[in-house]
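**Q** got a structure for you, letters missing:
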């Protein structure tokens, strides 16, 4: 099994990339979906409402995400508290998803580097786009530049996360351009996930490493 951590900037197109990889045969695990499930747990609702008050709940005592965002993203202490409340449970659920099918598994984790890359992630794919392009996409989702700045203020710099990633997908173009990039990367990842076992006698470790690198680059 090959496990990919998929992350990137807000509005860069992470979910589109994961859906394209899913169509190619990858099993996708979305951390955001897990978070939404965790927010339905009584103990989580109780802890959050105890800290921030009942105004974070609707008339049916369900969490109002936009109100939670207004509480957490304006203050670093509150943001860290929120992360400590939610992220351990997210990690538990993602680790459960590791079991089962072999092959290619893609974990879409927006805060992959901020919470610490799990040891079970083999490679990281980072999706990015220019600020202008992301702003246009985020406006469609109802997020203006101020809202995005609040959400990104506690995150690691994009350039730093790019350096920590194994592949970077620039998504400034149209869907067809993105599809071509994802198809090329997906083909490579699927080959790595379903390797053909061969036996090669090498003269030493350096020769073995060079052969492996050449096989990956030419696959």
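**A** Thanks, I have it. Small disclaimer: the values here were computed from a predicted structure and weren't measured. Numbers count the residues shown, from 1 in each chain.
**Q** which residues of the protein score low on pLDDT?
**A** Applying pLDDT under 70 to the chain picks out residues 101, 195-200, 212, 215-219.
**Q** Mind naming the longest helix for it?
**A** Ordering each helix of the chain by length in residues (DSSP state H) puts helix 76-96 first.
**Q** Next SSE downstream of that helix?
**A** As assigned by DSSP states H and E, the chain's next helix or strand after helix 76-96 is strand 104-108.
**Q** Next one: the closest residue to residue 31 other than its chain neighbours from residue 63, what distance?
**A** Spatial nearest neighbour of residue 31, excluding adjacent residues (Cβ to Cβ, 6 or more residues apart in numbering): residue 109 at 4.5 Å. The way it works is simple: take the backbone N, C-alpha and C, and place the C-beta from them, glycine included. Separation of residue 109 from residue 63 (Cβ to Cβ, to the nearest Å) stands at 21 Å.
**Q** Which residue ranges of this protein form helices?
**A** Using DSSP H, the helices found in the chain span residues 14-23, 31-38, 42-52, 65-72, 76-96, 112-115, 131-140, 145-152, 158-163, 175-193, 205-218.
**Q** So for the longest one, what gets flagged as buried?
**A** Which is helix 76-96. By neighbour count on 16 or more other Cβ atoms under 10 Å, the buried set for helix 76-96 is 79, 81-83, 85-87, 89-91, 94.
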